[in-house]
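Colleague: Generate a structure from the sequence data that follows.
(one chain, ligands or ions: 1)
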Amino acid sequence: MTLTVPASTLDYFGIDSLIDEDTRHLQAAVRAFVDRRVRPHIATWYEDGQLPARELARELGELGVLGMHLTGYGCAGTSATAYGLACYELEAGDSGLRSLVSVQGSLAMYAIWRFGSEEQKQQWLPRMAAGEAIGCFGLTEPDFGSDPSGMRTRARRDGGDWVLDGTKMWITNGSIADVAVVWARTDEGVRGFLVPAGTPGFTAPEITRKQSLRASVTSELVLDGVRLPAEAMLPEAAGLSGPLSCLNEARFGIVFGALGAAQDCLQATIEYARTRQIFDRPLAAYQATQLKLADMSLELGKGMLLAMHLGVAKDAGTLDHRQVSLGKLNSVREAIAIARECRTILGAAGITLDYPVIRHAANLESVLTYEGTSEVHQLIIGQVLTGHSAFR
Ligand SMILES: Cc1cc2nc3c(=O)[nH]c(=O)nc-3n(C[C@H](O)[C@H](O)[C@H](O)COP(=O)(O)OP(=O)(O)OC[C@H]3O[C@@H](n4cnc5c(N)ncnc54)[C@H](O)[C@@H]3O)c2cc1C
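Modeller: So this is what the prediction gives:
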């Protein structure tokens, strides 16, 4: 390890020594993809509120990152840690890119892979792994986000069919999805349904005017008398534990991903501070700057060590979902703090899209809220520590 101005803060921590060689190659391939395909365009995509998601999905499919930690059906079958490190690299590009991959692999594909029938798996998973079909995951509703148990979307039986009515809100990939995994209340509890795009009564208008995660499609899902055959239901998911287990998969990716955004901020800021001259000296040579950089690097490295630890536990099959809350809360909270502190070092330049910092900072506001808000994860941790649930 060379400690003379390391290329990445994590080199200083020697994180690479915790990663096996195959995984390092995979991580490098994702980083190269982001450098080539995303970095040159992301500021424009963000400013325009656009992401060429269909095109990117096919390329991400070729790269092998869609549903990469799942096995069979064209999925790569990597370790959970490798998936986390891929999320880290993708989110260093943009949280919107990582969201595209997380929702596809950890929410939509995982739901089908874990709870679907063999026919459903055969029909959707190989195309989704290749990026030829895009999925979305509809749990949140306009009046029920943190408390999905209150959901109003209903599925009722009509002869052999199901008929769905309701509205889902804030759904990533909604308007571009070929298939929506929709969770609805039935007489037998919450069940999941696969709703193909174009089904009569199903529309997915895009939510506009977002000031965060602009390079990501976010939509409403409107279900107005949507008639589905009996086989559209996911047979193995009964109750809220189904969708919650999917969220847990995606949260795991965020534990790593948010730190990728923080690393990108920090790297851009160190480079800036080394060249920016203030009062005849580089900004990086001032103690005030170095104290900030040291503290941010420490939080980033500590967060990554926790992420790697959770990765090892997940790969060993011993990870408890409440431990994921520790990582999600810590990574996103520290990443947002790092992005804001980096912004101060960049001065006025920090408010433009010429540097990635303000974009990451704005994106991380969404990441703080989705997949369980920071308060929800604090409550999960509080319950573990005290034995008392403070949700209600
Ligand atoms: C860009 C984006 C993409 C998203 N993508 C998806 C998606 O693909 N699929 C999907 O289903 N959802 C998605 N979501 C929705 C997301 O999961 C919800 O926004 C999130 O669960 C919070 O719900 P809410 O926004 O309704 O906030 P609320 O639940 O209304 O929470 C408001 C505030 O109350 C706090 N709070 C909640 N409960 C408690 C409590 N017991 N005690 C104290 N405080 C509490 C919250 O922490 C928060 O600060 C997305 C959201 C965003 C912003």
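Colleague: my guess is residue 318 is in a helix, correct?
Modeller: No: looking at residue 318 with DSSP: H, G, I helix; E, B strand; the rest coil, it is coil, so not inside a helix.
Colleague: How many neighbouring residues does it have?
Modeller: When neighbours are counted by other C-beta atoms under 10 Å, residue 318 registers 9. (Glycine included, C-beta is placed from N, CA and C.)
Colleague: Where do the helices of the stretch 151-300 of the chain begin and end?
Modeller: 241-275, 287-315 (DSSP state H, counting those that start in this stretch).
Colleague: out of these, which comes closest to the ligand?
Modeller: The closest of the helices of the stretch 151-300 of the chain to the ligand is helix 241-275. By C-beta to the nearest ligand atom, the value is 7.9 Å.
Colleague: ok, is that closest one in contact with the ligand or not?
Modeller: No: taking C-beta under 6 Å from any ligand atom as the criterion, helix 241-275 and the ligand are apart, separated by no less than 7.9 Å.
Colleague: buried ones in that helix?
Modeller: By 16 or more other C-beta atoms under 10 Å, the buried positions in helix 241-275 come out as 242-243, 246-270, 272-273.
Colleague: for the ligand, what are the nearby residues on the stretch 201-350 of the chain?
Modeller: Residues of the stretch 201-350 of the chain lying near the ligand by C-beta under 6 Å from any ligand atom: 213, 218.
Colleague: of all of the stretch 201-350 of the chain, which residue lies closest to the ligand?
Modeller: Closest point on the stretch 201-350 of the chain to the ligand, by C-beta to the nearest ligand atom, is residue 213, at 4.3 Å.
Colleague: Please work out how many residues are found near whichever residue of the stretch 51-200 of the chain sits closest to the ligand.
Modeller: At 1.9 Å from the ligand, residue 145 is the closest residue in the stretch 51-200 of the chain, using C-beta to the nearest ligand atom. Residues lying near residue 145 (other C-beta under 10 Å) number 17.
Colleague: Please apply the same query to residue 169.
Modeller: Neighbour count for residue 169, taken as other C-beta under 10 Å: 19.
Colleague: ditto for the one 10 residues further on
Modeller: Using other C-beta under 10 Å, residue 179 is surrounded by 21 other residues.
Colleague: quick one: pLDDT of it?
Modeller: Looking at residue 179, its pLDDT is 98.
Colleague: Over to residue 6?
Modeller: pLDDT, residue 6: 75.
Colleague: swap in the one 3 residues further on?
Modeller: Model confidence at residue 9, given as pLDDT, is 78.
Colleague: that older thread, tell me who's in contact with the residue of the stretch 51-200 of the chain closest to the ligand.
Modeller: Shown in contact with residue 145 (C-beta atoms under 8 Å, 6 or more residues apart in numbering): 169, 170, 373.
Colleague: Ok, residue 315 next?
Modeller: Contacts of residue 315 (C-beta under 8 Å, 6+ apart): 79, 80, 81.
Colleague: Was I right to think the first one contacts residue 69?
Modeller: Yes: in terms of C-beta atoms under 8 Å, residue 79 counts as a neighbour of residue 69; the distance is 7.0 Å.
Colleague: Could you check which of those two has the larger neighbour count?
Modeller: residue 69 (26 against 18).
Colleague: and the more buried one, what are its phi and psi?
Modeller: phi -90, psi 0 (degrees, to the nearest 10).
Colleague: For it, which non-adjacent residue is spatially closest?
Modeller: Leaving out its chain neighbours, the residue that sits closest to residue 69 by C-beta to C-beta, 6 or more residues apart in numbering is residue 83, at 4.0 Å.
Colleague: wait, what's in contact with the one you found?
Modeller: 65, 68, 69, 105, 252, 253.
Colleague: JSON lines please, covering those residues and showing distance to residue 8 and pLDDT.
Modeller: What follows is these, written out as JSON lines (distance: C-beta to C-beta, whole Å; pLDDT from 0 to 100):
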{"residue": "65", "distance to residue 8": "20", "pLDDT": "98"}
{"residue": "68", "distance to residue 8": "22", "pLDDT": "98"}
{"residue": "69", "distance to residue 8": "24", "pLDDT": "97"}
{"residue": "105", "distance to residue 8": "25", "pLDDT": "97"}
{"residue": "252", "distance to residue 8": "22", "pLDDT": "98"}
{"residue": "253", "distance to residue 8": "20", "pLDDT": "98"}
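Colleague: Farthest-apart pair in those residues, please.
Modeller: Largest separation among these by C-beta to C-beta: 65 and 252, giving 14.5 Å.
Colleague: Name the nearest of the contacts of residue 145 relative to residue 311.
Modeller: residue 373 (23.3 Å).
Colleague: Dihedrals phi and psi, residue 134?
Modeller: The phi/psi pair for residue 134 (degrees, to the nearest 10) is phi -110, psi 140.
Colleague: And for the closest residue to it other than its chain neighbours, the neighbour number?
Modeller: Among residues not flanking residue 134 along the chain, residue 177 sits closest, at 5.0 Å (C-beta to C-beta, 6+ apart). Counted by other C-beta under 10 Å, the residues lying close to residue 177 total 27.
Colleague: oh, and call the first residue 7 from now on, that's how I've got it
Modeller: Sounds good: first residue 7 from here, last item residue 183.
Colleague: which residues does residue 183 contact?
Modeller: 114, 140, 141, 142, 203, 210.
Colleague: I'd say the third one and residue 115 touch.
Modeller: Read that as residue 141. Yes: at 6.4 Å, residue 141 and residue 115 qualify as touching, with contact defined as C-beta under 8 Å.
Colleague: hey, what's in contact with both of these two?
Modeller: Shared contacts of residue 141 and residue 115 (C-beta under 8 Å, 6+ apart): 130, 134.
Colleague: State the distance from the residue nearest to residue 75 to residue 268.
Modeller: From residue 89 over to residue 268 the distance is 19 Å, taken as C-beta to C-beta, to the nearest Å.
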